[in-house]
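[1] using only what follows, build the 3D model:
(one chain, ligands or ions: 1)
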Amino acid sequence: MNFINDLNYSSVDTETLSEYLNKNVDLAYDYFISQSYSEIKSEKKEIDQYIFQNLNVIKKLDLSERSNSTFILCLLEVSERLGFTLYFQRLYKLLLTADIQISLRLQAAKMYFSGMRNIADFEKVLYLILEKLEKAFIIEEDGVDKVILTVTKLYTTIIESFGEYNAEGVLKFKNQLKEAKNDFFFLRNETISHILAVDLTNSNSASGEIHEILDEFLKREKFVYPFSKGNFLIESGTEYSKNITSGSLSFATIRNVSSNSYRSIKQDSIFNSLGRGVEVLTSEEQLLAYMYGYGKMHFAKINEGFKKLPNDILDQSLDIIDWGCGQALASHSFLDYYSSDTPSQNIMSFHLIEPSEIALRRGALHLKSFDNKLNLITINKDLDSLKRANFRIKEERIKLHLFSNILDIDAFSLTNLISLVKTTFKGENYFVIASPFITDIKTDRIDRFVSSFEDKISFDLLANVDKYRGEWLNGWTMVLRVFKVNL
Ligand SMILES: C[S@@+](CC[C@H](N)C(=O)[O-])C[C@H]1O[C@@H](n2cnc3c(N)ncnc32)[C@H](O)[C@@H]1O
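    Okay, the predicted model is just below:
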């Protein structure tokens with residue numbers, strides 16, 4: 001990526017940097033946050049140099065500008081990922097002074113990054129840190145990786161700072177971490193077990209060995225490769241598929257089938273393995289747990305979006321694109337929503353895009369159980385791997401894009417997605433975007449997607465709703481954006 005060079009050029013003074021960020025902060029997000037660990041690690045020297053040389057310019061950015069605060073949050077995140085303790089502290093202070101929301105995980109990192117003089121100081125805050133990390137894993141993070149990174153860095157900081165002079169204290173701390181496995185789900189992870197099994201006799205080599213284990217874990221493939229080829233993948237011949245008889249099965253019916261099956265195998269460990277529901281699922285148990293745990297909430301959220309679409313949307317031919325469809329919950333909910341209008345007639349295609357093959361196949365089964373005649377195109381890919389050629393759409397037909405609980409995920413490049421949409425979907429487009437409220441920085445990412453279409457005269461924002469905990473149903477949160485645009 002040449003991004004860091006461009007950023008360097010644009011950091012001559014605070015005003016130029018602010019102007020650059022206003023147009024390009026998505027690139028910063030893609031670079032610092034969405035890149036995989038191995039990619040970002042290979043750029044460590046350049047990033048270190050950039051922050052070192054430009055900290056004075058960066059410090060003067062006006063943080064009431066969203067793009068500027070997002071940029072500093074990106075730098076804070078990367079400082080933690082790459083272990084830049086000093087930058088982390090400086091940036092954290094800047095954000096705190098400007099009252100910018102900082103994620104729970106970075107709050108936890110802050111607790112051990114500064115002000116600890118002896119091992120007893122760490123012991124005092126250990127449980128507070130772990131509590132923050134567990135909460136981060138359950139409600140904020142896109143998976144377990146970053147919480148494992150933070151807790152491992154805490155452990156290696158202790159080994160490196162005290163291993164030589166206070167081996168007994170370090171051993172005691174290790175045992176406390178081991179015991180904490182009983183109280184914190186995210187610690188019951190194979191990598192943590194490997195890390196805690198490392199012999200501490202020589203603190204230098206122990207710390208190196210632990211870093212290697214962490215590196216291996218963070219560099220692992222996130223998706224099950226190779227993705228399945230072919231335009232039509234559907235679950236068949238399984239016990240579950242036999243329980244689903246076709247014939248206008250509503251989402252609620254399907255959810256009940258899944259939930260009933262889940263009840264017989266219900267376990268915290270299965271449910272917790274979903275993280276906050278954004279993991280790429282690999283087992284049937286997870287599929288059932290997802291429907292049981294998240295089905296009702298996601299159904300309610302996307303339905304709020306459908307209410308904002310024009311009533312006659314089904315009077316014309318329609319292509320529906322369900323991005324990160326999982327088990328096709330959003331498409332299924334759409335069919336339900338218009339079920340009294342016999343919707344299938346004008347729906348020319350459902351494009352189901354999903355990196356988890358098992359979820360995708362089940363999603364196709366769910367839609368076919370609603371109407372066997374539906375034209376389904378299944379695309380087993382992650383968003384970054386999509387190409388124009390994957391889509392069978394026509395300019396003269398309306399394109400309805402469903403982004404149900406996907407735009408708040410960090411694992412893809414927003415810039416690539418915007419460019420793919422703009423070049424592929426000529427003609428009239430509707431977008432329904434529904435996500436939970438996680439953090440300001442994640443909502444900002446959704447808004448940047450929306451605003452990238454605002455320059456078109458035809459752009460029409462049909463809904464812009466934020467609901468925080470306690471402001472909507474059942475303590476659920478909602479970020480809803482619906483818009484129309486001609487491309
Ligand atoms: C919270 S679930 C939402 C699923 C579905 N849209 C719904 O509302 O139930 C997030 C989905 O995004 C998928 N996903 C994760 N990373 C992705 C990526 N990089 N590209 C596309 N999809 C991704 C996951 O496999 C998962 O199915």
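[2] need the phi and psi values for S356.
    When read as degrees, to the nearest 10, the backbone of S356 gives phi -90, psi 110.
[3] and for H401?
    Reported as degrees, to the nearest 10, the phi and psi values for H401 are phi -100, psi 130.
[4] the one 10 residues further on too?
    Dihedral angles of A411 (phi, psi; degrees, to the nearest 10) stand at phi -70, psi 20.
[5] shouldn't it be in contact with D382?
    Yes: using CB atoms under 8 Å, A411 is in contact with D382, at 7.3 Å. (Each C-beta comes from the backbone N, C-alpha and C, glycine too.)
[6] mind listing what the residue in the stretch 301-450 of the chain that the ligand sits nearest to touches?
    In the stretch 301-450 of the chain, the residue that lies nearest the ligand is G326 (2.8 Å; CB to the nearest ligand atom). By CB atoms under 8 Å, 6 or more residues apart in numbering, G326 lies in contact with L281, Y290, E354, S356, A359, G363, S404, N405.
[7] report whether the helix or strand encompassing the fifth one contacts the ligand.
    Spelled out, that is A359. Following DSSP states H and E, one finds A359 within helix 357-370. Yes: on the criterion CB under 6 Å from any ligand atom, helix 357-370 is in touch with the ligand at A359.
[8] strands of the stretch 1-150 of the chain, residue ranges please.
    Per DSSP state E, counting those that start in this stretch, the stretch 1-150 of the chain carries no strands over any range.
[9] which residues of it score low on pLDDT?
    Counting by pLDDT under 70, the stretch 1-150 of the chain contains low-confidence residues at 1, 115.
[10] do the stretch 301-450 of the chain as well
    Using pLDDT under 70, the stretch 301-450 of the chain drops low at 341-344.
[11] change it to 50
    Regions of the stretch 301-450 of the chain meeting the criterion pLDDT under 50 are absent.
[12] which residues touch whichever residue of the stretch 151-300 of the chain sits closest to the ligand?
    Closest residue of the stretch 151-300 of the chain to the ligand, CB to the nearest ligand atom: V280 (3.9 Å). By CB under 8 Å, 6+ apart, the contact list for V280 reads K222, F223, V224, P355, S356, A359.
[13] is it in a helix, a strand, or coil?
    Under DSSP: H, G, I helix; E, B strand; the rest coil, the three-state class of V280 is coil.
[14] repeat that for the one 5 residues further on.
    What three-state DSSP gives for E285 is helix.
[15] ditto for I377
    strand.
[16] my guess is it contacts M348, does it?
    No: because the distance of 10.4 Å does not satisfy CB under 8 Å, I377 is recorded as not touching M348.
[17] residues shared between the contacts of those two?
    By CB under 8 Å, 6+ apart, no residue touches both I377 and M348.
[18] wait, is I320 part of a helix?
    No: assessed with three-state DSSP, I320 is strand; it does not lie in a helix.
[19] what is the neighbour count of it?
    23 (other CB atoms under 10 Å).
[20] ok so, going back, the helix holding A359 - contacts with which helices or strands?
    In this structure, helix 357-370 packs against helix 239-243, helix 251-263, helix 284-306, helix 329-337, strand 347-353, strand 376-379, with contacts taken as 3 or more CB pairs under 8 Å, 6 or more residues apart in numbering; DSSP states H and E.
[21] do that again at 6 Å, thanks
    Packing partners of helix 357-370 (3 or more CB pairs under 6 Å, 6 or more residues apart in numbering; DSSP states H and E): helix 329-337, strand 376-379.
[22] re earlier: A411 and D382: which is more packed in?
    A411 (20 against 17).
[23] tell me, what residue is most central in the chain?
    I409 (2.2 Å; CA atoms, centre = their mean).
[24] three-state assignment of that one?
    coil.
[25] next: V485.
    Strictly by three-state DSSP, V485 counts as strand.
[26] test of understanding: give the bridge partners of it.
    N429 (DSSP bridges).
[27] contacting residues for it?
    N429, F453, K456, S458, F459 (CB atoms under 6 Å, 6 or more residues apart in numbering).
[28] how near is the first one to L367?
    Going from N429 to L367 by CB to CB, to the nearest Å gives 21 Å.
[29] re the thing from before, buried among the contacts of V280? Need that as a selection in ChimeraX.
    Buried members of these, defined by 16 or more other CB atoms under 10 Å, are picked up in ChimeraX with:
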select :223,355,356,359
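[30] return the member of the contacts of V280 nearest to L386.
    Nearest to L386 out of the contacts of V280 is P355 (CB to CB; 10.5 Å).
[31] my guess is that closest one meets D382, correct?
    Yes: with contact defined as CB atoms under 6 Å, P355 and D382 form a contacting pair (4.2 Å).
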